[in-house]
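1. my questions concern the predicted model and sequence given below.
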Amino acid sequence: MTATAKIATPVNPGTKATKVSAKDPAKGVAKAIAKPAIKAATAPKAVAKPKPVANPTTKVAAKPVAANAITKDVKTKKPKMVRDSFTFPKDEYIVLDALKLRAAKLDTPVKKTELLRAGVKAIAAMTDVALLAALKAVPSLKTGRPAKAKAD
């Protein structure tokens, strides 16, 4: 080969070969690298590099943490809420309203939800004998939505 001969060498696999001068091969490679070989639309997506894993034998000095900083970081988790619906006999539903008014007269207005939750706590605190007596005092209901009243 002579010094003026052109050599075709691929710069990147999967791209067109570029001509590189035998006199100054670095110049031709630099030009080939500067040109985008693949269009952006067909360029492969960047693959996330895995994070380096810390060496378990390396000792890291722990920074002192103030006591009040720890208490700020620890947040109380809110309990997960559950939405549900219940069917009540009308006379027992009226009792709920009466209990809400009674609580309001005691300068503690409550919502139906709070009233029912307080009732659940009171039932949970009962002895087994008292719980059975309370359950027997409540008649069983047919499950499901009540039938619509016909408009005459």
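-> Arrived safely, thanks for sending. Numbers count the residues shown, from 1 in each chain.
2. going forward, measure contacts and count neighbours with C-alpha atoms only.
-> Will do.
3. can you report phi and psi for residue 117?
-> For residue 117, the backbone dihedrals are phi -70, psi -40 (criterion: degrees, to the nearest 10).
4. quick one: it from residue 80, how far?
-> 15 Å (C-alpha to C-alpha, to the nearest Å).
5. next: residue 129.
-> Distance from residue 129 to residue 80, by C-alpha to C-alpha: 31 Å.
6. those two: which is more packed in?
-> Taking neighbours as other C-alpha atoms under 10 Å, residue 129 and residue 80 compare with residue 129 leading, 8 against 5.
7. in what element of secondary structure is the more buried one found?
-> helix 128-137 (DSSP states H and E).
8. average pLDDT for that helix?
-> What helix 128-137 shows for mean pLDDT is 95.
9. name the element residue 99 belongs to?
-> Once you assign secondary structure using DSSP H and E, residue 99 falls within helix 90-105.
10. what does residue 116 give?
-> Counting by DSSP H and E, residue 116 is part of helix 112-124.
11. for that helix, list the C-alpha coordinates in PDB.
-> The C-alpha trace of helix 112-124 is given here as PDB (Å, rounded to 0.1, in the frame of the first residue of the first chain):
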ATOM      1  CA  LYS A 112     -71.600   9.500  63.100                       C
ATOM      2  CA  THR A 113     -68.200   7.900  62.300                       C
ATOM      3  CA  GLU A 114     -66.700   8.900  65.600                       C
ATOM      4  CA  LEU A 115     -69.800   7.800  67.400                       C
ATOM      5  CA  LEU A 116     -69.700   4.300  65.800                       C
ATOM      6  CA  ARG A 117     -66.000   4.000  66.400                       C
ATOM      7  CA  ALA A 118     -66.500   4.900  70.100                       C
ATOM      8  CA  GLY A 119     -69.200   2.200  70.200                       C
ATOM      9  CA  VAL A 120     -66.800  -0.400  68.700                       C
ATOM     10  CA  LYS A 121     -64.200   0.500  71.400                       C
ATOM     11  CA  ALA A 122     -66.900   0.100  74.100                       C
ATOM     12  CA  ILE A 123     -67.900  -3.300  72.700                       C
ATOM     13  CA  ALA A 124     -64.300  -4.400  72.500                       C
END
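12. mind listing what's buried in it?
-> For helix 112-124, a neighbour-count test (16 or more other C-alpha atoms under 10 Å) marks residue 115 as buried.
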